[in-house]
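> Fold the following.
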Amino acid sequence: MAAAVEHVFEARLVEFGERLALVPDGHGRVGPAVDLVWEFFEGPTFEAWLELTVAGRTEGELAEQISVVTDHLHERIIAAWHELFPDAAVANPDAPLLLFCIFEGLALIRLTGSRFIQSRSEHLIVLIKDFADLLIPDPVGVRP
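You can find the predicted model right below:
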């Protein structure tokens with residue numbers, strides 16, 4: 001099981017890096033970043049990670065490994081996000097963590113098959129983008 005945790009962890013990091021590499025430069029990039037990061041929560045690596053997390057909940061050794069790897073994943077994601085949005089790292093350093101918590105909650109509800117959530121997910125992503133715009137300032141020097 002430890003090998004599965006490491007494999008999924010590495011796959012999640014690679015996937016996240018690939019998503020961030022697609023974010024355009026310049027003004028107005030928060031919305032595209034949110035769209036690309038949301039895709040990170042729609043794929044099979046999220047589902048695999050969730051399955052491992054739930055399985056580890058009652059397995060002491062696995063639970064500890066999941067906890068350590070999850071902390072490391074969030075640290076790497078926050079660092080990558082701060083590289084992408086350096087002004088946000090100063091203004092709201094925990095903004096990426098908050099956005100990830102929101103995404104994780106929405107992704108978990110989506111996995112229930114809820115038609116109620118499915119019918120509103122596009123609008124919820126728009127609201128998340130609006131919220132992210134408040135938390136993440138545009139890079140200095142690129143405002144129109």
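> G31 contacts I128, correct?
No: in this structure, G31 is not within contact of I128 by Cβ atoms under 8 Å, at 9.6 Å. The way it works is simple: take the backbone N, C-alpha and C, and place the C-beta from them, glycine included.
> So these two - more neighbours on which side?
I128 (19 against 16; other Cβ atoms under 10 Å).
> any idea how far the more buried one lies from H27?
19 Å (Cβ to Cβ, to the nearest Å).
> ok, the spatially most central residue of the chain to T58 distance?
Among the residues of the chain, the one closest to the centroid is F100, at 4.2 Å (Cα atoms, centre = their mean). According to Cβ to Cβ, F100 and T58 sit 24 Å apart.
> ok, back up a step: what's the helix or strand hosting the residue nearest to the centre of the chain packed up against?
Secondary structure from DSSP states H and E places F100 in helix 95-110. Under the contact criterion of 3 or more Cβ pairs under 8 Å, 6 or more residues apart in numbering; DSSP states H and E, helix 95-110 touches helix 30-40, helix 44-56, helix 60-84, helix 115-118, helix 121-135.
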